[in-house]
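# prediction below, plus the sequence it came from.
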Amino acid sequence: MHLKSTIQALSTLLLLQTTTAAPASDIASRSSTDMIEARGECTWGFICGVIKNDPKSNRSLQVTNDWPKRDSGAWKWIGIGGSSTAVMKDADGFYVPSGCRATSVDDVLVWDAGKWHKINDLQEYTVKIIC
Ligand SMILES: *[C@@H]1O[C@H](CO)[C@@H](O)[C@H](O)[C@H]1NC(C)=O
């Protein structure tokens, strides 16, 4: 329990550093945590990638728990205001259809349309998607 909260605090710190230091375009290619992340699993069993669909979005968000394959069997949908934790333990990425605008809640990060975007286990993102 104590170890878990310590590691979660550490993850939050890493997340803050990642989000402030990295331009949006850098996130998809980031691979620093790939070494500790067993594909499709949570790091150390309990640090998992989490994707949330902002309440201000106006459509569902498509997520996958199988990177890099991303085949349709691993797709799930998160409703407006929902979280990937309801449909999968460890979210690995999300899709922004062309014609949509996907941003962080504060509008600082913008994720390209027509592409999948990878997140890692130390990240929790809330995506605002307007189509
Ligand atoms: C979402 O919001 C945008 C901007 O207000 C609007 O143009 C679009 O039609 C909306 N889409 C849906 C699915 O409601």
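The structure has been received and is ready for your questions.
# tell me the contacts of the residue nearest to residue 50 when sequence neighbours are not counted?
Sequence neighbours aside, residue 124 is the residue nearest to residue 50 in space, at 4.1 Å (criterion: Cβ to Cβ, 6 or more residues apart in numbering). C-beta coordinates here come from the backbone N, C-alpha and C atoms, glycine included. Each residue near residue 124 by Cβ atoms under 8 Å, 6 or more residues apart in numbering is listed here: 15, 49, 50, 51, 52.
# reformat those as JSON lines; add secondary structure, pLDDT and neighbour count.
As requested, the contacts of residue 124 are exported to JSON lines (DSSP: H, G, I helix; E, B strand; the rest coil; pLDDT from 0 to 100; neighbours: other Cβ atoms under 10 Å):
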{"residue": "15", "secondary structure": "helix", "pLDDT": "43", "neighbour count": "15"}
{"residue": "49", "secondary structure": "coil", "pLDDT": "92", "neighbour count": "27"}
{"residue": "50", "secondary structure": "strand", "pLDDT": "95", "neighbour count": "19"}
{"residue": "51", "secondary structure": "strand", "pLDDT": "96", "neighbour count": "27"}
{"residue": "52", "secondary structure": "strand", "pLDDT": "97", "neighbour count": "23"}
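# need the residues you listed in a markdown table (columns: distance to residue 104).
A markdown table is the format used below for those (distance: Cβ to Cβ, whole Å):
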| residue | distance to residue 104 |
| --- | --- |
| 15 | 12 |
| 49 | 15 |
| 50 | 14 |
| 51 | 12 |
| 52 | 11 |
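# what helix or strand is the closest residue to the ligand within the chain located in?
In the chain, no residue comes nearer to the ligand than residue 58, which is 3.5 Å away by Cβ to the nearest ligand atom. For residue 58, there is no host helix or strand (DSSP states H and E).
# cheers, nothing more for now.
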